[in-house]
Structures are given as C-alpha cells and as structure tokens.
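>>> One predicted model, sequence on top.
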Amino acid sequence: MADAPLIFSAVSSNAHHLYTLLQCIGFAPKATVQITPDGIRFSVEEGRVIQGLAFLDKALFTSYTFNPPTAPNNRSHEEDGYSDSTYLPCFVVSLSALLETLKIFGINDPSAAGVNKAASVQSSVPPSSNAFTTPALLGDRSCTLRYPQDGSPLSITLMETGVKTTCELTTYESDGGDIDIPLQRDAIIMKVIMRSSWLHNAVMELGATNPNILKLSACADKEPFFALSGTGGPFSESSVEFSIEQQSQDKGESSQSRKVLTEDGTSRTRAKRAKGTPTVTETFLVTPPPSMGSRVIQNYRFSLVQKAARAMAVANKVSIRGDKQGVLSLQFMIEFDTNGSGGVNSNVRPSGGISRPTVTFVDFRFVPLLDDEAADEGTVDLY
Amino acid sequence: MRFRTQLCNVTTFSKLIGSLSSLGKVCWMRLEDGIIRFTIIPDQGTQVWAQLPVDAIFEESTYILEANSGVINLEVPVGALHRALRSAVAATSTQLRLTKKGNVPLLALTIHASSWTTGSNALGIADADQAATDHATVSGPRERETVIAQEVPVKVLHELSVEGLHEPRCRDPDVHIILPSLFQLKSISERFTKLATDSKGAGTALSSVAPKLELSANMHGSLKLAIATDSLRISSVWTDLVNPALDPAQLSQTELEQLPSERMRAFRDDDEAGWAKVRIDGKDWGRVLSVGRLSPKVVACFIHETALVLYVYLPGNGDDSCLTYYINSYAA
C-alpha cells in the first residue's frame, strides 16, 4: 500500500468472536484502541467511574502482523514497558460503528437491533459454535483489521462470497483522558471466582426492582458470606445471597446456588456449614484489614454494574475482586472454540487436547460510592 | 362499468400490493383488456410503474371488464387493499369485483376459506351433551367453510384526470446490471443508513437530513454501495454480477455501438471513469427494496448523477410482468 511497512494488520476467520467480545463493552459510543504485540486492547469509560476493557488476543486471529512504529516522543507510560524508541499506537474510534460493521456479516441475529442495550440480555448461552455458526458455514468469510499508518483510519474488511465490505473508521487522537481506574493489586481484600451466569442471574434478579445502589457484602466467617443487594429504588429492597450447602463436592452442578431471595431482609432458613464458602464459588477469599472489621461492604451504582450484564451473560467465569479503596474489578473469562484453526502460537491454552478453546478476557472496573453519597440515595447525579 | 374476476395468484398479488404500499398511500390501478397497471406517484420519492398481464394475478377466464372506453381507472388505497388481501392468502377461492355501496364505489373481495374443526360439530365447540344430541350422526373433525367479505373504498378516475400522467422518460443508461439478492442488499443498506444516522446524531444535530447512500456500478459486473460520514466511510462491493445484454432485435448495430453503456464498457474495470453513480435517500431505497419479497430478477439502470431505474421482473412470468421504479439522484 505504501512504502513504510503496515503498522498493523490482522485477519480473523470469525468476525463473530470479535463482535462478541466488543459487544460486552458496547455501553459507550467511543472506544480507545491500543495495538500491542499480543493483541488489540479496546477500552471504554464513562464519567471516570466505570471502565470496560476488552482484549482481542492475537490467538483470535489467523494472522497478526504488528510493526511498532518508531517515534521520537516517548509515550511508553504503559505497564508493558515498550520503551525503546517504539511505541504502541493508541487512538479513539467509534465503537458503535465498529460493532455495527461487524454485525453486517456472519451473525444470524436479525433481532439484535440495539447495540447499546447491554441491559437487555436474554440468553445466557455462551456463544460457541452452534448449528447456525459452524465454522464450515463461516469458512468463506474473513475479517481483516488494518491500521496502515499513524493517523490513518482503522479499516475493517469483511469478505464474503461475492461481497466485500470495507469500513474505514476515522481515528481520533486519544485526548489522554483514558486513564485506567486504579486497582491496587497489592491491596486486594476480596477475591471471588465463580461461574459468570450466577452473577448474571443475580444482577438480573435485582434489576427487576430497579434499584439505584448495588451493595456488595462479603465475609469469611459470618453469614451472609456473600450477598448482593439492591437498595434505593422505587420498590422494596431485595437481596441475593449465595448460600452454603453442607456438601460442596457437587459445586457448580445442578444443585448449585439455591439463591435465597428475600424482600426487606426477612429471615430465611439455610443450610449451615462450618467453612464459609458459598457453593457457587470456586475461590472465595475475604481478607479485610483489621480496621474494616471482618466484613467487606461496598456500594456501587447499580446502573453502572448493569452495563456489564452482556459480559456476564456471555462469559464462562468471573473473577470479582475488590481492593482496599473499594474499587471493584470484574474480570470475565470468555472461551471460544477456535476449532484448532485459530491460534498462531502459544496463547492457546490446551485443555484436554481435543478442542483448544481460546481464552479471552473482558475487564470491568467500578469506582465505589462513598458513604455520604450512598446515604444520599435519592440522587443519581454521581456522574 | 363492470369489473369482476377470480384471483389466481393471491400470494403474488398480496406481496406486490404490499411492496407498493410501502412507497405511497394511493395507487392508480388501470384495468385494461389483457393488462393491469399499477402506478404510484408520491409527492417525493420513488415512482413505480407496474404492468402485469391479467393472468399473472387474475384468472383470465373469469376476468370481466366492461366500460365505455374499455379501460377502468381506479384510485386505490394500497394499504387497505393489502390488509384485505391478507385474509385471502390461505383461501380456497377469492373473487374481486367493483361494486357500489350508496354512492361509494368499492373493490369487494369475497373470500372463501375452509378450515378443519377439531371438535365434532361445525362450530368446534367441545360441549359433549350438545354435540351428542345435535350431531349424533357426525363424528370426528369436519371441514368448515368461512366466507369473508372485505370492502375497500376506491375512487373511479375519469380518463381525463389520468391523461396527463406519463411514465418518466430517461436517456439511455450508462450502466445496466443485475442486482444481487435484494434481501442482502436491503439488510446492508439498512445497516449503512443506521450507521450514518447514529454517527451523525452523535456528532452534529443535523439529523433532520436523511443520509444519502451512494450507489454505483460499472459494466464489468461490479456494484458498490457506500456511505460516508465524519467518523466513518463504509462501502460494500459486489463483484461478478451480470451486465445483461440488450435485445439486439430492437436496435441496429450502429445504435448499439453508440449506447452510453458501450462507451462505459470500454473503460478498464479498475478505471474510476467507468462507474456510474447515483445518490439516493437511504429510507426511500429501503422501501424500494421491499419488493425483494417477490424474489424477482432486478435490472438496475444507472444514469450517472441523474437517476436510477429498476426493472423488476416477477418470477415465472417471463418479461411480461415488469415493475419499473424511477429513483432520482440527489445532488452531492
């Protein structure tokens, strides 16, 4: 195309995977894109209180070429530390347009009209290949992402038999406003890993009463061990507690969560158990500092957490972490069955040897509501 | 003045009226001996001139047309006719006739439908006692006939009032090409329109102006659909389409060679000059493409920067049934 080598070009045989991942963070119209040697990072934020991050791992692409441009200005403030005179291109594109483009082909989903309606997720079926999206049917499709030069548009080319669609998205310079919400990794006081669908069900359940605030409560030694409750809505308060069962060996199976839903905190009968680990969780660690007591309680704006609902519905597992300052991190693990065709190299995690699903991650971070804001329940003018 | 006929192809008729109804409220229906014409001339947007042989939708043997001039011109509310035809789709027989109620002329549809009752009586009421006494001899499900009458008020147009209406005349097209699947074209067009509307709404507040799609084609089998806004530029290109040959019987060799399309064919396929382009309203285009439900063959004739004419041939009728769409190109 030009004399200088292309900065970035990647080919995927399945635009659906890219769509699924990007759709998870489709709550904002614009996304900041950063191209790295290991994949493309899309981040969106709203009012500095919620941040969503989707990483398109290079394993999702059949070919992935990245020639980091060299530049005089040293912009390597990233944690990855690519400092030696090259930098990672970073720009802003219209995410809604990108999603709409990816939807043009390969997705048998005529009803999915709205992109930004993250709250209206119905199915919790992970979008692995089914009868309608088998790799055989998608075989003649390809999706190419290109970023030829610094400042040139990001182009997406979709090929299908007889039709070729090219979308050039104007790239805007990042205004530097894309500062990550800091999660203090050395001060994590809560870590819960569980099937994402439990969290999705819980948030859907709470969403029915339209609350303002999501209260997260976790405790290692006292009931309720792990509970989510919605408060401050026009209707009564409700809460979802993840219960403990006597035997935990059938974890994650049919007799799972027995969520105890109570209105206005009335008492309930529950199975008791010595060790305080909710049945649905794989990992349950609550280690608050002595100053906080034994229970971790934080409030978050419910409507913000709800924006992650699409990711909750799509993901296999979620890791819920909270740090000392109350920043909530939801990390969703999404597995794609790339059918052995996708991975260029290492990043494919072999599991069982037969099918090697590509593991990708979508992250969300939320800033907590402070106590005085939480007390002032009526207002929704946080952001 | 008399008009009466049995419908023979209700599905086609209903789909045809359905796609016409998306473009205008009223339609000029002209009944002639052997030919029926439907014409829609909206205040703005696309004109349709359709012409069908009687046997495409009506049973020719039952087609009775009596008028002084041999022609009946009607102004028909297409939406109402479409709704009326819906109940005829599953019917065993349907009759259409022109009649009068008081002073209002009507197109009356008499629809005979039959359905199977599940119970043992004609009304399908599962009352055991009643059924036992009234229909002691009958058992099991039976067929029930339903007669549905639909009336669509119309206006009879005098010959003088339609005299001045003529099909638009255009110069010879620069490019003629057979369109790909209208469903695919429609869904992509709608995505494009939505993309442009969304990004415009986010940027400036000029959402009152509908986005214009750029449609272009060349004589080497390529069709391009494009739209551009501040934040994106998207295009889809179809290749290996057919540029149909014109009927050599109608034109002499020299005439054929002087056609603008032959001049366009002379350009190489990668030459920008070989493309004829029109700018059309996205919403209007979507309505035009609703004719895709008839799964027709569509030849698009591009008159560069001027107009797009679509010849829509209904399947199974040869070239006799043809709907012609005239779409004006907007200035850049």
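Nice, I can see it. Residues are numbered from 1 along each chain as shown, chains lettered A, B, ... in the order given.

>>> what about the helices in the stretch 1-150 of chain B?
B:10-21, B:54-57, B:78-86, B:128-134 (DSSP state H, counting those that start in this stretch).

>>> Ok, chain A next?
Using DSSP state H, the helices of chain A run over A:15-24, A:95-102, A:196-207, A:302-306, A:309-314, A:371-375.

>>> Chain B contacts on the stretch 151-300 of chain A?
A:153, A:162-170 (CB under 8 Å from any CB of the partner chain). Using the backbone N, CA and C atoms, a C-beta is placed for each residue, glycine as well.

>>> now, among these, which is nearest to A:Asn299?
Among those, A:Leu169 lies closest to A:Asn299 (CB to CB), at 37.2 Å.

>>> Bridged to that closest one, which residues?
A:Leu169 has the following beta-bridge partners by DSSP bridges: A:Leu154, B:Leu232.

>>> Any stretches of chain B with poor pLDDT?
Under the criterion pLDDT under 70, the flagged ranges of chain B are B:117-141, B:199-210, B:248, B:317-319.

>>> can you pull the buried residues of the lengthiest helix in it?
For chain B, the longest helix by residue count, based on DSSP H, is helix B:182-203. For helix B:182-203, the neighbour count (16 or more other CB atoms under 10 Å in any protein chain shown) marks B:182, B:184-200, B:202 as buried.

>>> packing partners for whichever helix or strand comes after that helix?
Proceeding N to C from helix B:182-203, the next assigned helix or strand is strand B:212-217, under DSSP states H and E. Applying 3 or more CB pairs under 8 Å, 6 or more residues apart in numbering or on different chains; DSSP states H and E, we find strand B:212-217 packed against helix B:182-203, strand B:223-228, strand B:276-281, helix B:282-288, strand B:297-303.

>>> Relative to chain A, which of the ones you listed is closest?
helix B:182-203 (5.0 Å; CB to the nearest CB).

>>> That closest one: how far from the chain's middle?
Distance, stretch centre to chain centre, for helix B:182-203: 22 Å (CA atoms, centre = their mean, to the nearest Å).

>>> what's it in contact with?
Residues outside helix B:182-203 that contact it (CB atoms under 8 Å, 6 or more residues apart in numbering or on different chains): A:29, A:94, A:96-97, A:100-101, A:103-104, A:110, A:163, A:165, B:179, B:206-207, B:210-211, B:213, B:225-232, B:234, B:236, B:282-283, B:285-286, B:289-292, B:295-296, B:298.

>>> List only buried entries from those.
Taking 16+ other CB under 10 Å as the criterion, what is buried in these is A:29, A:94, A:96-97, A:100-101, A:103-104, A:163, A:165, B:179, B:211, B:213, B:225-227, B:229, B:231-232, B:234, B:236, B:282-283, B:285-286, B:289-292, B:296, B:298.

>>> one step back: need the helices and strands packed on strand B:212-217 in a markdown table (columns: distance to A:Leu88).
Shown next, in a markdown table, are the helices and strands packed on strand B:212-217 (distance: least, CB to CB, whole Å):
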| stretch | distance to A:Leu88 |
| --- | --- |
| helix B:182-203 | 26 |
| strand B:223-228 | 29 |
| strand B:276-281 | 39 |
| helix B:282-288 | 37 |
| strand B:297-303 | 45 |
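
>>> Of these, which is nearest A:Gly207?
helix B:182-203 (25.6 Å).

>>> just the strands in the stretch 51-200 of chain B please.
Secondary structure of the stretch 51-200 of chain B (DSSP state E, counting those that start in this stretch): strands at B:64-66, B:72-77, B:93-101, B:104-116, B:143-153, B:155-157, B:175-178.

>>> Sorry, wrong one. I was asking about the stretch 251-383 of chain A.
A:260-263, A:281-286, A:295-301, A:317-323, A:328-337, A:357-366.

>>> now swap in the stretch 1-150 of chain A and tell me
Ranges of strands within the stretch 1-150 of chain A are A:8-12, A:30-36, A:39-46, A:50-57, A:63-66, A:90-94, A:142-147, based on DSSP E, counting those that start in this stretch.

>>> ok, back up a step: the strands of the stretch 51-200 of chain B: which one's closest to chain A?
With CB to the nearest CB, the closest approach to chain A among these belongs to strand B:175-178: 12.4 Å.

>>> What helices and strands are in contact with the closest one?
Strand B:175-178 sits against helix B:260-266, strand B:297-303, with contacts defined as 3+ CB pairs under 8 Å, 6+ apart.

>>> try 10 Å
Helices and strands touching strand B:175-178, as assessed by 3 or more CB pairs under 10 Å, 6 or more residues apart in numbering or on different chains; DSSP states H and E, comprise strand B:212-217, strand B:223-228, helix B:260-266, strand B:276-281, strand B:297-303, strand B:307-313.

>>> Return the list of helices and strands in contact with the fifth one.
Secondary structure elements in contact with strand B:297-303, counted by 3+ CB pairs under 10 Å, 6+ apart, are strand B:175-178, helix B:182-203, strand B:212-217, helix B:260-266, strand B:276-281, strand B:307-313, strand B:322-328.

>>> Likewise for the last one?
Counting by 3+ CB pairs under 10 Å, 6+ apart, the packing neighbours recorded for strand B:307-313 are strand B:47-53, strand B:175-178, strand B:212-217, strand B:276-281, helix B:282-288, strand B:297-303, strand B:322-328.

>>> Turn the ones you listed into CSV, columns for distance to B:Leu314.
Converted to CSV, the helices and strands packed on strand B:307-313 look like this (distance: least, CB to CB, whole Å):
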stretch, distance to B:Leu314
strand B:47-53, 7
strand B:175-178, 15
strand B:212-217, 22
strand B:276-281, 23
helix B:282-288, 15
strand B:297-303, 9
strand B:322-328, 8
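
>>> Let's see stretch A:327-334 as PDB, backbone CA atoms only.
Taking Å, rounded to 0.1, in the frame of the first residue of the first chain, the C-alpha atoms of stretch A:327-334 are listed here in PDB:
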ATOM      1  CA  VAL A 327     -12.500  -0.300  43.500                       C
ATOM      2  CA  LEU A 328     -14.400  -3.300  42.100                       C
ATOM      3  CA  SER A 329     -12.900  -5.300  39.300                       C
ATOM      4  CA  LEU A 330     -15.000  -7.800  37.400                       C
ATOM      5  CA  GLN A 331     -12.800  -9.900  35.100                       C
ATOM      6  CA  PHE A 332     -14.700 -12.100  32.700                       C
ATOM      7  CA  MET A 333     -13.200 -15.100  31.100                       C
ATOM      8  CA  ILE A 334     -14.700 -15.900  27.700                       C
END
